[in-house]
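Peer 1: Mind looking at a prediction? Sequence and model below.
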Amino acid sequence: MKTNRIYLSFILICCVTLLHAYPVETVVLQDGSVLEGYMSVQRPGKDIVFVAQKATIYVPSDKVVSIVRHETEVDKLSEQWKEWVKDNPNAVETLQGKKYLTLSDIVLEKTDANKDSVAMEHPRKIGANGTVWNVTPRKVRIVEKGAIVKYLDFAPNTYYLSWKDIRSIKRPVRGKTELSGTVDKIELHSDEILSGQIIEQVPGKFIRLLKDDGMVEVISSDKIVTQKKVKLNKTQRLIEQVPYIEILYAKPGKVVRGVLIEQNYGTKQTEGYVLFQQENDEILKCYSGDITEIRKEKNEAYAPLDDIIVRQDEFFVNRQKVNMMDVDERDSFLMLDVEGKPVVLKQDSIGGKLILETYDDMSNRECILLKLVQMKVKGKMRYVFTYEDLVQRSVRPSGVSVSANHTLKLEYPVSTGEYVIYKPQGKKVIWCKIE
């Protein structure tokens with residue numbers, strides 16, 4: 001029962017971790033190897049399939065048969081390796097004016113498939129003794145050698161692991177500007193409910209929860225009754241806030257697509273269960289013992305929202321930083337500076353919506369959008385408007401919101417033409433042109 005609890009506890013945390021830019025989770029293995037990517041398949045009590053975009057692998061030197069080195073021109077490296085070279089310039093050698101990085105192919109000794117239960121399902125791909133040798137290291141960078149060979153691999157690879165290989169799972173802290181995602185809620189036997197982000201789990205031992213107040217709570221696994229996840233953004237559907245859809249396989253032959261939102265661990269008298277929110281938002285209950293497999297695939301409905309952090313004197317129009325301009329007031333007319341230039345937006349790229357983002361204060365909330373007209377003033381065509389226009393012809397925002405970062409967001413419907421965003425305090429404007 002305890003072993004089953006350990007394996008099933010991974011189901012929810014692994015599903016939760018898929019909320020950030022790739023890679024979305026980091027798995028630390030018992031031998032110190034680190035994989036960054038995501039779990040594409042997990043079978044409780046059996047094995048997992050991990051898709052890694054980056055791997056740092058440790059191999060005992062007595063398992064290495066041979067090493068073949070390649071001098072590769074830096075200009076011909078992948079973007080990941082080019083970024084690594086920027087941070088590690090001493091690794092580069094210069095020859096006849098060209099820069100080279102030494103990458104290696106490592107030949108490992110053949111493994112005995114019968115030593116591992118996972119190996120029996122993937123006899124050609126899994127290594128022995130709980131070590132990740134199922135992937136042939138090609139064009140990797142050796143960063144340590146001696147009794148242990150440590151290498152870095154940026155090639156996308158699939159690793160087949162047994163559950164006992166895993167020391168811990170970590171995930172990054174959600175950024176302040178991320179407005180979509182999920183919140184972890186943990187109910188304890190003491191009836192206390194904790195809320196925040198699970199940032200690490202050590203299977204069968206504890207989890208680390210970053211709470212809303214910034215404190216990290218370390219929670220023993222045996223204290224947990226239920227784990228839940230709820231949507232971070234109340235204005236979005238849950239399905240829009242997760243980048244991957246989970247596919248649940250359960251007895252007898254049941255297949256369900258959606259998001260795993262709750263896991264109850266049960267007691268000695270009652271069996272644990274999970275709640276699964278399907279793509280149509282209906283909730284399905286499935287007992288833990290019936291789950292045979294969970295897979296993941298890209299979520300086409302994923303629509304993450306993000307924020308920007310702005311100061312009081314900063315303004316952004318459709319995420320372009322802009323400066324306010326003075327206006328020339330003559331008689332009853334307000335005219336734009338003839339030397340001024342508008343911020344240009346493409347109608348098809350903004351979807352008919354002009355978005356102003358600035359710091360939330362009363363003066364910025366008073367900003368007014370107005371479509372401009374041209375008039376001839378002293379023989380020159382000028383864009384002008386009046387105070388009467390601001391009252392009678394202003395465009396009302398279709399949406400107003402304020403983020404936790406105090407960012408005021410005003411959304412206006414627009415068509416092609418010239419517009420001005422007028423701020424009464426200071427009589428300043430932002431000139432916009434929609435093409």
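Peer 2: It's in.
Peer 1: now the closest residue to residue 405 other than its chain neighbours, what's its secondary structure?
Peer 2: Ranked by C-beta to C-beta, 6 or more residues apart in numbering and with sequence neighbours excluded, the top spatial neighbour of residue 405 is residue 309, at 5.1 Å. (C-beta placed from N, C-alpha, C; glycine too.) Under DSSP: H, G, I helix; E, B strand; the rest coil, residue 309 falls in the coil class.
Peer 1: and residue 309, how many neighbours does it have?
Peer 2: 13 (other C-beta atoms under 10 Å).
Peer 1: What's the per-residue pLDDT of it here?
Peer 2: Here the pLDDT value assigned to residue 309 is 94.
Peer 1: That one and residue 72, how far apart?
Peer 2: From residue 309 across to residue 72, the span is 40 Å (C-beta to C-beta, to the nearest Å).
Peer 1: same thing with residue 36?
Peer 2: Residue 36 is 22 Å from residue 72, by C-beta to C-beta.
Peer 1: what helix or strand is residue 219 on?
Peer 2: Per DSSP states H and E: residue 219 is located in strand 216-220.
Peer 1: Following the chain past that strand, name the next helix or strand.
Peer 2: From strand 216-220 onward toward the C-terminus, using DSSP H and E, the following helix or strand is strand 224-231.
Peer 1: returning to what we had before: hang on, isn't the residue nearest to residue 405 packed against residue 176?
Peer 2: Yes - between residue 309 and residue 176 there is a contact under C-beta atoms under 8 Å: 6.8 Å.
Peer 1: what do these two both touch?
Peer 2: Here residue 309 and residue 176 have residue 405 as joint contacts, going by C-beta atoms under 8 Å, 6 or more residues apart in numbering.
Peer 1: who does residue 29 bridge with?
Peer 2: Judged by DSSP bridges, the bridge partners of residue 29 are residue 166.
Peer 1: how many neighbours does it have?
Peer 2: 22.
Peer 1: For residue 297, see how far away it is.
Peer 2: Distance from residue 29 to residue 297, by C-beta to C-beta: 25 Å.
Peer 1: Same check on residue 191?
Peer 2: 37 Å.
Peer 1: got any ranges where this protein has weak pLDDT?
Peer 2: Scanning the chain with the threshold set as pLDDT under 70 gives 1-23, 111-133, 379.
Peer 1: give me that answer again for 80
Peer 2: Across the chain, the ranges flagged by pLDDT under 80 are 1-24, 45, 110-134, 331, 337-339, 376-381.
Peer 1: Starting from the lengthiest strand in it, tell me which strands it pairs with and how they run.
Peer 2: In the chain, taking DSSP state E as the definition, the longest strand is strand 47-60. Strand pairing for strand 47-60, using DSSP bridges, gives strand 34-43 (antiparallel), strand 148-153 (antiparallel), strand 157-162 (antiparallel).
Peer 1: And it, what's buried?
Peer 2: By 16 or more other C-beta atoms under 10 Å, the buried positions in strand 47-60 come out as 47-59.
Peer 1: need the contact list for the closest residue to residue 261 other than its chain neighbours.
Peer 2: Spatially, and ignoring its direct neighbours in sequence, residue 261 is nearest to residue 277 (4.9 Å; C-beta to C-beta, 6+ apart). Going by C-beta under 8 Å, 6+ apart, residue 277 touches 238, 239, 258, 259, 260, 261, 283, 284.
Peer 1: What of residue 78?
Peer 2: Contact partners of residue 78, counting by C-beta under 8 Å, 6+ apart, are residue 154.
Peer 1: so how far is residue 84 from it?
Peer 2: Here residue 78 is placed at a distance of 10 Å from residue 84 (C-beta to C-beta).
Peer 1: what residues are shared contacts of these two?
Peer 2: With C-beta under 8 Å, 6+ apart as the test, residue 78 and residue 84 both reach residue 154.
Peer 1: any idea which helix or strand carries residue 388?
Peer 2: helix 387-392.
Peer 1: what helices or strands is that helix leaning on?
Peer 2: Judged by 3 or more C-beta pairs under 8 Å, 6 or more residues apart in numbering; DSSP states H and E, helix 387-392 is in contact with strand 368-371.
Peer 1: Just the CA coordinates for the strand it packs on, please, in PDB.
Peer 2: What follows is strand 368-371 as a C-alpha-only set of coordinates in PDB (Å, rounded to 0.1, in the frame of the first residue of the first chain):
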ATOM      1  CA  ILE A 368      -8.900  58.400 -23.500                       C
ATOM      2  CA  LEU A 369      -8.700  56.900 -27.000                       C
ATOM      3  CA  LEU A 370      -9.800  59.000 -29.900                       C
ATOM      4  CA  LYS A 371      -9.700  58.500 -33.700                       C
END
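Peer 1: what's downstream of it, the next helix or strand?
Peer 2: Next along from strand 368-371, by DSSP H and E: strand 373-377.
Peer 1: Give the other helices and strands that that following strand contacts.
Peer 2: Against strand 373-377 (3+ C-beta pairs under 8 Å, 6+ apart) you get strand 333-336, strand 380-386.
Peer 1: in its sheet, what does the first one sit against?
Peer 2: Each strand pairing with strand 333-336, determined using DSSP bridges, is listed with its direction: strand 325-330 (antiparallel), strand 380-386 (antiparallel).
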